[in-house]
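J.: Can you look at this prediction? I've put the sequence above it.
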Amino acid sequence: MLAEEVKLKKFIIDSGVVTRADVLAAEKEAENSNSTLADVLVRQGKATADDMRRMQAYVLGIPYVDLRGQKIDAEVLALVPEPIARRHNIVAFRRSEQGVEVAMLDINDLEAIDFVRKKVGVRVLTRLTDRESMKSVLLQYQKSLKAEFGDIIQQEAKAMKVIRGESGDEPASEMDLKKLAEDLPVVRIVDTLLNHAILQGASDIHIEPMENQLLVRYRIDGILHDAMVLPKDTAPGITARVKVLSNLKLDEKRLPQDGRFKIQLDAEKVSFRVSTLPTHFGEKTVMRLLRESSGGYTLESLGFHGYSLETLHQATKQHIGLILVTGPTGSGKTTTLYTMVDILNTPDVNISTVEDPIEYQMPRINQTQIRQDIGLTFAAGLRSLLRQDPDIIMVGEIRDGETASLAINAALTGHLVLSTLHTNSASGAIPRFIDMGAEPFLIVSTVNVVVAQRLVRRLTGAKERYTMTPEELRNLARGVNMDRLLESLIEEKVVPEGTRWEEVPFYKPKPGADSEDGYKGRVGIHEVLKMSTMLRELALKNAPAEQIESQARKEGMFTMLEDGIFKAAMGLTTIEEVYRVVNE
């Protein structure tokens, strides 16, 4: 190994990736800490782990492979089971007369190599790869649930029928249902559905009984996708298993029920909010996935930029007033609220929340879960919070006039209040408040900023560039301030100075190994309305939302459509996706 270290050191210096001085300093630290030179350089941030892997591959004479965007044959991929592939970062990607080629992140993982050798029974040829390549290949395991777990369903369905009895009737007693829920095939199927939903980044799981089958669908990036179809016989067992996990009544099938449970997959904790609903063919189950970490978001990573970003940062520096985030269900309102709360979460302030549900657990913040069944409503919780000496209050949602009145009074009495509201636009928040019974003069005294948002699907790296025709640009210009939008694109250096709209690049999705439709993940499009003197005067006159929006645009606000076009020009999404979301 010493000779290899010497070779690696020389190659690193010759490559110019790290300076000689940094290499020598890292070498001393490696000796003192009994580490390798590569480990120290990565730890110090002088080189990335992938840089070091490439260099080590060269020094050791091991081929290096880049598997990003490559489609691996399903039979070859299946040579290494998914749990082994994920745990050891090893995947089979090619089969030839010489043997099976496997890509790894650590070629010293002899246990994984030995496992593959015993399983395939032929020579194993090791190759080094990088993390992005590994991620790309591991994603291919998730493409078909049925292909990987069909054997469980087919082989074990008979066992489930035995538990149900000779007649084939659905088990009625709680004891029978509990026995069914604890049966091994049922447990394995439910665990599989949950794990795959987490790995694919789903936000919801729908388990829908139909006349002759059970349909499982995942909502990924806001779009529902069929995940798999199960035999009708599996429905009672799967529903019972979910009920056991979420502590619901097993023998109650006539009334809707709500519950919650939590699991951990690798290092990620995920809560599932469960809802069951009786339908014609049986109980439908929907589970909302709630990651228990806010993920270290920033306003920039959520898609705020330019005027919107500056306005929000100014709003978070205020000590009193209301910050409202509006939009339909599933538009990312809570994530935006949590991100602002995270920015405000410093040792010198007391932050308290009332939420339904608590979606992310945050340190140093007092979070209260609403419980309607015992009278702990948003209004009751907010009233109690005001006696807890808070500096900043977050109310999960303003649903009624009482909560609206309390939130306004809290803002008037020296608190910064953050909350969400169900309106379609930022300008619609003020009329909505008035409809709830709030006095206009109190609204204009408290509301600082209103954010409206939607989520659009994000393009993958494999995208196709194009420019718009004059006809397409004329259609695009309807209801959009094209001149100001182009100025903003130039100002934020998205396009070079002097660019005309005919030269602005846009993009189309291009399906690849990472995504079947060319999209992966989502980003927000926003409009941020900052209350000004003119807007306050309009609110006092009870002006309609259209008039408020018109004035806000004159003062610098971009609409969600304009922000969406801006992000399409950045290459983050497509024009079609923006119109799909804005027109919903």
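T.: Received, thanks.
J.: for stretch 117-131, which positions count as buried?
T.: Val120, Val124, Thr126, Arg127, Leu128, Thr129, Asp130 (16 or more other C-beta atoms under 10 Å). Placement of C-beta: from N, CA and C, glycine included.
J.: Could you do stretch 567-584 as well?
T.: Residues 567-575, 577-582 are the ones in stretch 567-584 that count as buried (16+ other C-beta under 10 Å).
J.: before we move on, what about stretch 200-214?
T.: Under 16+ other C-beta under 10 Å, the buried positions of stretch 200-214 are Gln200, Ala202, Ser203, Asp204, Ile205, His206, Ile207, Glu208, Pro209, Leu214.
J.: Let me see the confidence value for Thr423.
T.: At Thr423, the model reports a pLDDT of 91.
J.: which one is it nearest to, not counting chain neighbours?
T.: Excluding the flanking residues, the one nearest Thr423 by C-beta to C-beta, 6 or more residues apart in numbering is Thr326, at 4.4 Å.
J.: do you know how far that neighbour is from Ala429?
T.: Using C-beta to C-beta, to the nearest Å, Thr326 is found at 5 Å from Ala429.
J.: Mutual contacts of the two, please.
T.: Common contacts of Thr326 and Ala429 (C-beta atoms under 8 Å, 6 or more residues apart in numbering): Leu421, Thr423, Val450, Ala452.
J.: so where do the strands sit in the stretch 101-250 of the chain?
T.: Remark: strands assigned in the stretch 101-250 of the chain by DSSP state E, counting those that start in this stretch are 124-128, 202-209, 213-220, 223-231.
J.: and the second one, which strands flank it?
T.: Spelled out, that is strand 202-209. Partners of strand 202-209 in the sheet, by DSSP bridges, are strand 213-220 (antiparallel), strand 282-291 (antiparallel).
J.: Now do the buried residues in the shortest one.
T.: By neighbour count, and taking 16+ other C-beta under 10 Å as the criterion, the buried residues in strand 213-220 are Leu214, Val216, Arg217, Tyr218, Arg219, Ile220.
J.: can you list the residues that contact that strand?
T.: Contacts to strand 213-220, defined as C-beta under 8 Å, 6+ apart, come from residues 145, 193, 196-197, 200-209, 224-232, 234-235, 238.
J.: from the buried residues of stretch 200-214, which single one is nearest Ala411?
T.: Ser203 (31.3 Å; C-beta to C-beta).
J.: Now do the same for that closest one: its pLDDT.
T.: pLDDT, Ser203: 91.
J.: Was I right to think it contacts Arg291?
T.: No - using C-beta atoms under 8 Å, Ser203 is not in contact with Arg291; the gap is 9.6 Å.
J.: Let me know the secondary structure of Gly437.
T.: The three-state label given to Gly437 by DSSP: H, G, I helix; E, B strand; the rest coil is coil.
J.: So it versus Asn542, what's the distance?
T.: Taking C-beta to C-beta, one finds Gly437 at 13 Å from Asn542.
J.: Okay, now the unreliable bits of the stretch 251-400 of the chain?
T.: Residue ranges of the stretch 251-400 of the chain with pLDDT under 70: 266-267, 293-296.
J.: just the helices in it please.
T.: 306-316, 333-344, 378-385 (DSSP state H, counting those that start in this stretch).
J.: of all these, which lies closest to Glu268?
T.: Glu268 lies closest to helix 333-344 among the helices of the stretch 251-400 of the chain, at 16.2 Å (C-beta to C-beta).
J.: Apart from its chain neighbours, what residue comes closest to Ala92?
T.: Using C-beta to C-beta, 6+ apart, the closest residue to Ala92 is Leu79 (4.2 Å).
J.: Report the separation between that neighbour and Val451.
T.: For Leu79 relative to Val451 (C-beta to C-beta), the value is 50 Å.
J.: Quick one: residues in contact with stretch 460-469.
T.: Stretch 460-469 is contacted by residues 69, 476, 501-512, 514-515, 518-520, 571 when judged by C-beta under 8 Å, 6+ apart.
J.: With distance to Glu562 added, can I get the strands paired with strand 202-209 in JSON lines?
T.: Formatted as JSON lines, those follow (distance: least, C-beta to C-beta, whole Å):
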{"stretch": "strand 213-220", "distance to Glu562": "27"}
{"stretch": "strand 282-291", "distance to Glu562": "31"}
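J.: quick one, which of these is nearest to Leu265?
T.: Once these are compared by C-beta to C-beta, strand 282-291 is nearest, at 10.6 Å.
J.: before we move on, the earlier item: restricted to strands, list the shared contacts of Thr326 and Ala429.
T.: The strands, defined by DSSP state E, take in Leu421, Val450, Ala452 from the shared contacts of Thr326 and Ala429.
J.: least trustworthy helix or strand in the chain by mean pLDDT?
T.: Confidence across the helices and strands of the chain bottoms out at helix 145-164, with a mean of 54, counting by mean pLDDT, DSSP states H and E.
J.: Can you tell me which of the buried residues of strand 213-220 is nearest Gly396?
T.: The closest of the buried residues of strand 213-220, once distances to Gly396 are taken by C-beta to C-beta, is Arg219, at 20.9 Å.
J.: Quick check: bridge partners of the closest one?
T.: Asp204, Leu224.
J.: measure it to Gln200 for me?
T.: Taking C-beta to C-beta, one finds Arg219 at 10 Å from Gln200.
J.: hey, where'd the strands end up in the stretch 251-400 of the chain?
T.: 257-265, 268-279, 282-291, 321-326, 351-355, 366-369, 392-395.
J.: coming back round to it: neighbour count: Leu79 and Val451, which is higher?
T.: Val451 (26 against 19; other C-beta atoms under 10 Å).
J.: dump the residue contacts of that one.
T.: Ser308, Leu312, Ile323, Leu324, Val325, Thr326, Thr336, Ala426, His526, Glu527, Val528, Leu529.
J.: let's go with 6 Å and repeat that
T.: Val325, His526, Val528 (C-beta atoms under 6 Å, 6 or more residues apart in numbering).
J.: The residue nearest to Ala92 in helix, strand or coil?
T.: coil.
J.: Do you know the pLDDT at it?
T.: At Leu79, pLDDT is 83.
J.: Next, give phi and psi for it.
T.: When read as degrees, to the nearest 10, the backbone of Leu79 gives phi -60, psi -30.
J.: surely it meets Val120?
T.: Yes - at 5.4 Å, Leu79 counts as touching Val120 under the criterion of C-beta atoms under 6 Å.
J.: now the strands of the stretch 101-250 of the chain in a markdown table, with distance to Glu31?
T.: Shown next, in a markdown table, are those (distance: least, C-beta to C-beta, whole Å):
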| stretch | distance to Glu31 |
| --- | --- |
| strand 124-128 | 26 |
| strand 202-209 | 48 |
| strand 213-220 | 49 |
| strand 223-231 | 53 |
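J.: Distance check, the residue lying closest to Lys119 once chain neighbours are set aside against His422.
T.: With C-beta to C-beta, 6+ apart as the measure, Leu79 is the residue that lies nearest to Lys119, at 6.7 Å, once sequence neighbours are left out. The spacing between Leu79 and His422, counted by C-beta to C-beta, is 51 Å.
J.: Let me see the ranges of the helices in the stretch 451-584 of the chain.
T.: So, for the stretch 451-584 of the chain - with DSSP H, counting those that start in this stretch - the helices run 470-476, 482-491, 533-540, 545-554, 560-570, 575-582.
J.: and the angle for the second one with helix 545-554?
T.: To tie it back to what came earlier, the one meant is helix 482-491. Direction vectors for helix 482-491 and helix 545-554, defined by axes from the mean of the first three to the mean of the last three C-alpha atoms, to 10 degrees, enclose an angle of 40 degrees.
J.: Can you point out the buried residues in helix 482-491?
T.: For helix 482-491, using 16+ other C-beta under 10 Å, the buried residues are Leu485, Leu486, Ser488, Leu489.
J.: Perfect, that will be all.
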